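> From the sequence below, what's the structure:
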Amino acid sequence: MERADALIADSGKRFDYVLANPPFGKKSSMTITNEEGEEDKNALTYERQDFWETTSNKQLNFLQHIVTILKQDGKAAVVLPDNVLFEGGAGEKIRKKLLENCDVHTLLRLPTGIFYAQGVKANVLFFDAKPKDGNVHTQGVWIYDLRTNKHFTLKTKTLKLDDLRDFIDCYNPENRYERKETGRFKYFTYEDLIARDKASLDIFWLKDDSLDNLDDLPRPDVLQQEIIEHLEAALAAFRDVAAGLQR
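Got it, this is the predicted structure:
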């Protein structure tokens, strides 16, 4: 096992499979201590020629890094927060490049309540590496919504394998090219996705029953965390745009 900053440079290693849950948080940073013992955090951006875009967003950098370390026929499944699906600026450019250069075929929208940080909204993105031949390799993305009207906790109602059975059946691992739409499993073509604002993959179609029942709303601390996350995602997008204007 190696302990190092995997984002600094290409190690040259290539893999058949990458299963990853990169550290969450909007920004990469390093702590600097001066002679007086005072600490300061500076945002990190990684100037890598093999990355599509330069950004200090950790998840976007890890996503780009994972693409670079896959073998030509490699497969990846990566846990990513919602902001990666809709963020503008570098996020939009990276999503478009990912859809073009890889076969992004499946997105699992995870429920809240399964992470120790309250209100975390995450997804698992499945994609295969493809040859760099200038062709668009994503024909369409199948999205499974395991979030709407699903409620889990870390102690009293934990997420179990049985809760994922329907997704596994829909995924059809024996032959993912023979899938069928269901209430929770929908297909969106490449053209559909590119036509969306910022090529957003943040797609919902099920009605949230809690909106009709004020007694079933999330706890105030959960709502507070969700608001903070959306504001931070918006701020990160503005920073990326500002950084781009300064180049």
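
> which non-adjacent residue is nearest Asn149?
Asp209 (5.2 Å; C-beta to C-beta, 6 or more residues apart in numbering). The way it works is simple: take the backbone N, C-alpha and C, and place the C-beta from them, glycine included.

> who's in contact with stretch 87-103?
By C-beta atoms under 8 Å, 6 or more residues apart in numbering, the residues outside stretch 87-103 that reach it are 52-55, 57, 60, 63-64, 67, 83-85, 104, 127-130, 132, 136-139, 190, 193-194, 198-201, 233, 236-237, 240-241, 244.

> Which helix or strand contains the residue positioned nearest the centre of the chain?
Residue closest to the mean C-alpha point of the chain, counted by C-alpha atoms, centre = their mean, is Leu80 at 2.8 Å. Leu80 is part of strand 70-81, with elements assigned from DSSP states H and E.

> my read: the residue nearest to Asn149 touches Lys150, true?
No - at 10.7 Å, Asp209 and Lys150 do not qualify as touching, with contact defined as C-beta atoms under 8 Å.

> more crowded one of those two?
Remark: of Asp209 and Lys150, Lys150 carries more neighbours, 17 against 10, as counted by other C-beta atoms under 10 Å.

> How about the contacts made by that one?
Counting by C-beta under 8 Å, 6+ apart, Lys150 touches 111, 163.

> Just the pLDDT at it, thanks.
Lys150 carries a pLDDT value of 91.

> how far away is it from Glu53?
Plainly put, Lys150 is 33 Å away from Glu53 if you go by C-beta to C-beta, to the nearest Å.

> what do you get for Thr156?
Taking C-beta to C-beta as the measure, Thr156 falls 42 Å from Glu53.

> of these two, who's got more company?
Using other C-beta under 10 Å as the criterion, Thr156 and Glu53 rank with Glu53 on top: 18 against 7.

> Distance check, the residue nearest to that one when sequence neighbours are not counted against Leu125.
Using C-beta to C-beta, 6+ apart and skipping the chain neighbours, the partner closest in space to Glu53 is Ala90 (4.2 Å). With distances taken as C-beta to C-beta, Ala90 is found 17 Å from Leu125.
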